[in-house]
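Undergrad: Quick one: sequence plus predicted model below, questions after.
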Amino acid sequence: AIYDALVRMAQDFSLRHPLIDGHGNFGSPDDPPAAQRYCILVDSRIRMADGSTRRMDSLVALEPNSEAEVALKVLDRRGDPVLASKVFHSGLHPTLRLVTEEGYELTGTYNHPVLCLEPVAGVPMLQWKLLEEIDPGTKVAIARQTGQPSDDWELDKLGLLMGAFVSEGWASPARAGFGNTDKLFFAQTLDAYDELVGGSRCVRDEALPSGKVLRRLQTDNMTRFLESPLRELVGLKSKDKRIPEAIWSGDAIRKRSFLRALFEGDGSIGLAARHSIFIVYSTISHALAADVQKLLLEFGVVSTVRTGKSGEVRVNINNRRNVRLFAGNVGFLGRKQLLLLDRLADIPLESRAMSGDHVPFLAEYIREEAGRGGREWLDKHNIDRVERWERDGELILSKINNPEVTAVITPLVEAGYYYATVTSVEQAGVQPVYSVRVESDDHSFLAEGFINHNTECRLATLANQMLGGIDEDTVDFVDNYDGSGKEPTVLPARFPNLL
């Protein structure tokens, strides 16, 4: 009934002056409106409170254009658990694909809202924007909250084994194998294989021209292999590899163990000018690179995905801050972790050359609105940088000396979002889409790294005028129909009796 009333107030053929600013299909005199759904692809992954990251279509089995009551805990925009009470399979709808400069992607319906950072009259504010409203250059919020895992996390053997086989292993219906030159890494993988797979296998060493020894594990008896979680990998070519479902459905410990083994196998460490350091993961699978980029966000690590001329896809973790986050929250598994820690020890903790990780529009707003006394200092320092706030946050606030400015900027800084730049929003065809109902104040949930919204209603300009001053004690309020809230006896318009 509520949706029907909203639809009517958005239809210019029902009201002379529509009160709702409609976005989407609100029908015509001959055709009904579309269902009230704001949706993303069925294979989009949503962050769950138990640490798993599940496909939308795995939450509950649904036929197209149907829905089901559920009681699932998902993560909201702050990373807090909230209740998802219903899942919708909204059928086939036209979709748009949003891509950021860093390589993050989200595909959803034209009216699907995501959280963006916008300068509203010069004030940086988080705003929900529909995919159809987003243009190249828009700053979209990427969630990278993490609980800062400790160094004594246990090693999950299934995560380790999956990471080892995705990076350095192979599996066909007839045989499977794994090989690596790191003695410790190989021993850990072999131990996990014997415990979780078992069965007959052979191990042999092969001397390489470089002088290193390549240690190989191989099995020609696939019976036990096909009964194990590794069966997900059978028949996959290198270009088709992805993060296995057994990892996405696992907790943070399993995911971290997977990433450690994956980077130990195909990751590398590099040094650049001005005491800079970077980490690269290389693959020929575009899908695997996108998966790794998304999974790294769950540990607070921002990365970029780039494809070389040879077809090699690289996941790049750049700048000291991100590399340190990787070292502490993820890390390599064997000798590469020791090398990384040694190189980080030689790099200064602080430097004038900070990363480009920043809050857009923040510096201009602060310098324009800050109180007297601190503007000279604020003008000289890059006060929009995340590193600067982590190091000198209290000092920056003391220089601002304006409570209103502090109230505006504090949520933007403390949210911990990465603000990515949109490079394209393009048609992605008619595809099946899902959505969830989230029982929270802002109805937000995390999927594909983006902060998503599952409902939206905007007032038209006329309706805003009719409600102007309603929070300023201008009209009387009484109990609503069930006593759960208050409603105005009349709207605070200039001519209330005409309404």
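TA: Received the coordinates, thanks. Residues are numbered from 1 along each chain as shown.

Undergrad: Helix, strand, or coil at the nearest residue to residue 468 once chain neighbours are set aside?
TA: The spatially closest residue to residue 468, leaving aside those adjacent along the chain, is residue 492, at 6.5 Å (C-beta to C-beta, 6 or more residues apart in numbering). All C-beta atoms are positioned from the backbone trio N, CA, C, and that covers glycine. Three-state call for residue 492 (DSSP: H, G, I helix; E, B strand; the rest coil): coil.

Undergrad: Check the spacing between residue 492 and residue 474 real quick.
TA: From residue 492 over to residue 474 the distance is 4 Å, taken as C-beta to C-beta, to the nearest Å.

Undergrad: Over to residue 362?
TA: 35 Å.

Undergrad: Likewise for residue 247?
TA: Distance, residue 247 to residue 474, using C-beta to C-beta: 56 Å.

Undergrad: Compare these two (neighbour count), which wins?
TA: More crowded of residue 247 and residue 474, by other C-beta atoms under 10 Å: residue 247, with 26 against 12.

Undergrad: re earlier: what's the neighbour count on the residue nearest to residue 468?
TA: Using other C-beta under 10 Å, the number of residues around residue 492 comes to 17.

Undergrad: before we move on, what about residue 431?
TA: Around residue 431 there are 18 other residues, counting by other C-beta under 10 Å.

Undergrad: So which residues of the stretch 51-200 of the chain form helices?
TA: All helices of the stretch 51-200 of the chain, identified by DSSP state H, counting those that start in this stretch, fall at 157-168, 183-196.

Undergrad: Could you pull up the residues touching the residue nearest to residue 69 when sequence neighbours are not counted?
TA: Counting by C-beta to C-beta, 6+ apart, residue 86 is the residue found nearest to residue 69 once chain neighbours are left out, at 5.8 Å. Going by C-beta atoms under 8 Å, 6 or more residues apart in numbering, residue 86 touches 67-70, 436-437.

Undergrad: now that we have the residues you listed, which one has the most neighbours?
TA: Neighbour max across the contacts of residue 86 (other C-beta under 10 Å) = residue 436, 24 neighbours.

Undergrad: And the pLDDT for the closest residue to residue 454 other than its chain neighbours?
TA: Nearest residue to residue 454 in three dimensions, chain neighbours excluded: residue 443, at 4.9 Å (C-beta to C-beta, 6+ apart). On pLDDT, residue 443 comes in at 87.

Undergrad: Please report phi then psi for residue 443.
TA: Dihedral pair for residue 443: phi 60, psi 30, per degrees, to the nearest 10.

Undergrad: Look up how far residue 436 lies from it.
TA: Going from residue 443 to residue 436 by C-beta to C-beta gives 9 Å.

Undergrad: same question, residue 76
TA: 12 Å.

Undergrad: and for these two, which residues touch both?
TA: Common neighbours of residue 76 and residue 436, using C-beta under 8 Å, 6+ apart, are residue 445.

Undergrad: residues contacting residue 450?
TA: Residue 450 neighbours (C-beta under 8 Å, 6+ apart): 104, 106, 114-115, 140-143.

Undergrad: coming back round to it: tell me the one among the contacts of residue 86 nearest to residue 447.
TA: residue 436 (9.0 Å; C-beta to C-beta).

Undergrad: Okay, now the sheet partners of the stretch of helix or strand that closest one belongs to, with direction.
TA: Assigned by DSSP states H and E, residue 436 belongs to strand 418-439. Counting by DSSP bridges, the strands paired with strand 418-439 are strand 40-41 (antiparallel), strand 81-100 (antiparallel), strand 139-142 (antiparallel).

Undergrad: what sits up against the first one?
TA: For strand 40-41, the external contacting residues (C-beta under 8 Å, 6+ apart) are 56, 95, 106-109, 112, 431-435, 447-448, 452.

Undergrad: Apply 10 Å and report the result again.
TA: 46, 55-57, 90, 95, 97, 106-109, 112, 114, 131, 428, 431-436, 445, 447-448, 450, 452, 454 (C-beta atoms under 10 Å, 6 or more residues apart in numbering).

Undergrad: After it, heading C-terminal, what element do we hit next?
TA: Per DSSP H and E, the first helix or strand lying C-terminal to strand 40-41 is strand 45-47.

Undergrad: Now that following strand: average pLDDT?
TA: Here the average pLDDT along strand 45-47 is 97.

Undergrad: Packing partners of it?
TA: Contacts defined by 3 or more C-beta pairs under 10 Å, 6 or more residues apart in numbering; DSSP states H and E place strand 45-47 against strand 53-55, strand 66-75, strand 81-100, helix 286-297, strand 444-447.

Undergrad: strand partners of the first one, parallel vs antiparallel please.
TA: Read it as strand 53-55. For strand 53-55, pairing defined by DSSP bridges yields strand 45-47 (antiparallel).

Undergrad: just how off-centre is the partner strand within its chain?
TA: When C-alpha coordinates are averaged (C-alpha atoms, centre = their mean, to the nearest Å), strand 45-47 and its chain have centres 8 Å apart.

Undergrad: pLDDT value on the closest residue to residue 45 other than its chain neighbours, please?
TA: Once flanking residues are discounted, residue 45 sits nearest to residue 53: 4.7 Å by C-beta to C-beta, 6+ apart. For residue 53, the pLDDT comes out at 97.

Undergrad: Residue 491 now?
TA: Reported pLDDT for residue 491: 81.

Undergrad: Around it, how many other residues sit close by?
TA: By other C-beta under 10 Å, 16 other residues sit near residue 491.

Undergrad: Residue 257 too?
TA: Using other C-beta under 10 Å, residue 257 has 27 neighbouring residues.

Undergrad: my guess is it contacts residue 333, does it?
TA: Yes: between residue 257 and residue 333 there is a contact at 8.2 Å, judged by C-beta atoms under 10 Å.

Undergrad: Could you report the distance from residue 434 to residue 85?
TA: Residue 434 is 15 Å from residue 85, by C-beta to C-beta.

Undergrad: So which of those two has more stuff around it?
TA: Neighbours per residue (other C-beta under 10 Å) separate residue 434 from residue 85, with residue 434 holding more: 26 against 13.

Undergrad: List the beta-bridge partners for the more buried one.
TA: residue 40, residue 89.

Undergrad: Return the residues in contact with it.
TA: Residue 434 touches 37, 39-44, 46, 55-60, 62, 87-91, 108, 447, counting by C-beta under 10 Å, 6+ apart.

Undergrad: Put the buried members of those residues into a PyMOL selection.
TA: The PyMOL selection below is limited to those of the contacts of residue 434 classed as buried (16 or more other C-beta atoms under 10 Å):
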select buried, resi 37+39+40+41+42+44+46+55+56+57+58+59+60+62+87+88+89+90+91+108+447
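
Undergrad: returning to that earlier point: return the residues in contact with the residue nearest to residue 468.
TA: By C-beta under 10 Å, 6+ apart, the residues touching residue 492 are 465-475.

Undergrad: Now the two most distant members of these.
TA: 465 and 473 (18.5 Å).

Undergrad: still on that earlier bit, any idea how far the residue nearest to residue 454 is from residue 79?
TA: 16 Å.

Undergrad: higher neighbour count, these two?
TA: Neighbours were counted for residue 443 and for residue 79 using other C-beta under 10 Å; residue 443 has more, 20 against 17.
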